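**Q** Could you look at this predicted model? Sequence included:
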Amino acid sequence: MHLRLVERSVGPQKCGADWREYSLSCGGVVYGTPLVIISRRAWVPPTDVYETKDAVVVQLEIPGVSLDDLEITVLERSLVITGRREDPLLSQKIAYHRMEIQYGDFETEVYLPAALDQDEIKAEYHDGFLTLGFPKSRTHRITVSAQDS
């Protein structure tokens, strides 16, 4: 897992001729035959963002993803998590009767609240859940006293 505080840049898209690199989805039925739509779009994993007393927590459900295939980028108030989930049995499959598990590239972007301490991010990947904890920045209270004239 790579955690970087860097700027994002748009680079060339990876392109391949192998149909297994593309997302397949059922788009309806034409004359009794399922219509399959092939696209090169990244899927979005289920993501929760919640707040505790001390932190803002981002949690993704991404079972089967290798830590080497994860990239986490934080730029100012934007958190982008990208990765890839490979289908370990792809070479054995000859036809689908039902296809709901997403494989291939994924990406999710989360807008973070302003007052977070990005130097102390905690990341953990356990039982298929990636959890990132962003400690809240401590606010400093300033007391103003009035002087008698």
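**A** Arrived safely.
**Q** which residues of the chain score low on pLDDT?
**A** Applying pLDDT under 70 to the chain flags residues 1-40, 139-140, 149.
**Q** Please report phi then psi for residue 91.
**A** Backbone dihedrals for residue 91, given as degrees, to the nearest 10, come out at phi -70, psi -20.
**Q** Could you check how far it is from residue 120?
**A** 43 Å (C-beta to C-beta, to the nearest Å). C-beta here means a position set from N, CA and C on the backbone, and glycine is covered the same way.
**Q** higher neighbour count, the two?
**A** Neighbour totals were compared for residue 91 and residue 120, and residue 120 leads with 11 against 8 (other C-beta atoms under 10 Å).
**Q** Name the residues linked to residue 80 by a beta bridge.
**A** residue 73, residue 109 (DSSP bridges).
**Q** distance of it from residue 105?
**A** Relative to residue 105, and taking C-beta to C-beta, residue 80 is found at 13 Å.
**Q** Which residue of the two possesses the greater neighbour count?
**A** Between residue 80 and residue 105, counted using other C-beta under 10 Å, the more crowded position is residue 105 (18 against 15).
**Q** Show the backbone phi and psi for residue 90.
**A** According to degrees, to the nearest 10, residue 90 has phi -60, psi -40.
**Q** Please report the distance of it from residue 45.
**A** Counting by C-beta to C-beta, the gap from residue 90 to residue 45 is 19 Å.
**Q** same check, this time on residue 89
**A** 20 Å.
**Q** Between these two, which has more neighbouring residues?
**A** Using other C-beta under 10 Å, the more surrounded residue of residue 89 and residue 45 is residue 45, with 18 against 7.
**Q** For that one, which residues are in contact?
**A** Residue 45 is in contact with 60, 61, 62, 102, 106, 108, counting by C-beta atoms under 8 Å, 6 or more residues apart in numbering.
**Q** before we move on, which element is the fifth one in?
**A** In other words, residue 106. strand 104-111 (DSSP states H and E).
**Q** Buried residues, that strand. List them.
**A** 104, 105, 106, 108, 110 (16 or more other C-beta atoms under 10 Å).
**Q** With stretch 127-141 instead?
**A** Neighbour-count burial for stretch 127-141 [16+ other C-beta under 10 Å]: 130, 132, 133, 134, 135.
**Q** Inside strands: which ones of those?
**A** 130, 132, 133, 134, 135 (DSSP state E).
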